[in-house]
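In: A predicted structure for the sequence below; I have some questions about it.
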Amino acid sequence: MADKIKAGSILIEDGALWPESLWLESEPCSNGWRRVKHLIGFGLDRRVREAGWTFFFLAGEIKASVFGFDLEKTTHRAIARLLGKLKSDKLNCLEVAQVVSKLFLGLPYVSVSAHSRHIQKSMLLCRA
């Protein structure tokens, strides 16, 4: 991860379908997932809608907390946990809502919360 994951970051599953007219600059983030560069959820949603597709936002947050001393590595591990939860729902995007570094009994940990998102052509949510 060249840039840090932060609130507003969008992760898209490798191989996810999206409009041909939509060009996204991205970088590898986690096994099978890419981080969209230069766009947050609102901007990506607007571009997806302009192409005639739908960018679903699913209610409810998913969270993961991981202990560790290296902030970037710990955040990466928390993101990997979230992506594992997302894969079971068969959704192709994740929008990071919050990344917080805290201490518990003197041990540092990172808590990441996110929302499930999904890009598809139909206006009815169909999990591939």
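Out: Perfect, thanks for sending it. These numbers come from a predicted model, not from an experiment.
In: Show me the strands in this protein, by range?
Out: All strands of the chain, identified by DSSP state E, fall at 10-13, 26-30, 33-36, 54-67, 93-104, 107-120.
In: So which other helices or strands are in contact with the fifth one?
Out: Translated: strand 93-104. strand 10-13, strand 54-67, helix 71-89, strand 107-120 (3 or more CB pairs under 8 Å, 6 or more residues apart in numbering; DSSP states H and E). The way it works is simple: take the backbone N, C-alpha and C, and place the C-beta from them, glycine included.
In: before we move on, back to that, need the strands of the chain in a markdown table (columns: mean neighbour count).
Out: Shown next, in a markdown table, are the strands of the chain (neighbours: other CB atoms under 10 Å):
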| stretch | mean neighbour count |
| --- | --- |
| strand 10-13 | 22 |
| strand 26-30 | 17 |
| strand 33-36 | 20 |
| strand 54-67 | 14 |
| strand 93-104 | 16 |
| strand 107-120 | 20 |
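In: which one of those lies closest to residue 48?
Out: With CB to CB as the criterion, residue 48 lies closest to strand 54-67 of these, at 4.1 Å.
In: out of the helices and strands packed on strand 93-104, which comes closest to residue 98?
Out: Among these, the nearest to residue 98 by CB to CB is strand 107-120 (4.7 Å).
In: one step back: between the strands of the chain, which gets the lowest average pLDDT?
Out: Sorting those by mean pLDDT places strand 26-30 lowest, at a mean of 87.
In: sorry, back to before: same list (the strands of the chain) but as JSON lines, adding distance to residue 78.
Out: Converted to JSON lines, the strands of the chain look like this (distance: least, CB to CB, whole Å):
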{"stretch": "strand 10-13", "distance to residue 78": "12"}
{"stretch": "strand 26-30", "distance to residue 78": "10"}
{"stretch": "strand 33-36", "distance to residue 78": "13"}
{"stretch": "strand 54-67", "distance to residue 78": "4"}
{"stretch": "strand 93-104", "distance to residue 78": "8"}
{"stretch": "strand 107-120", "distance to residue 78": "4"}
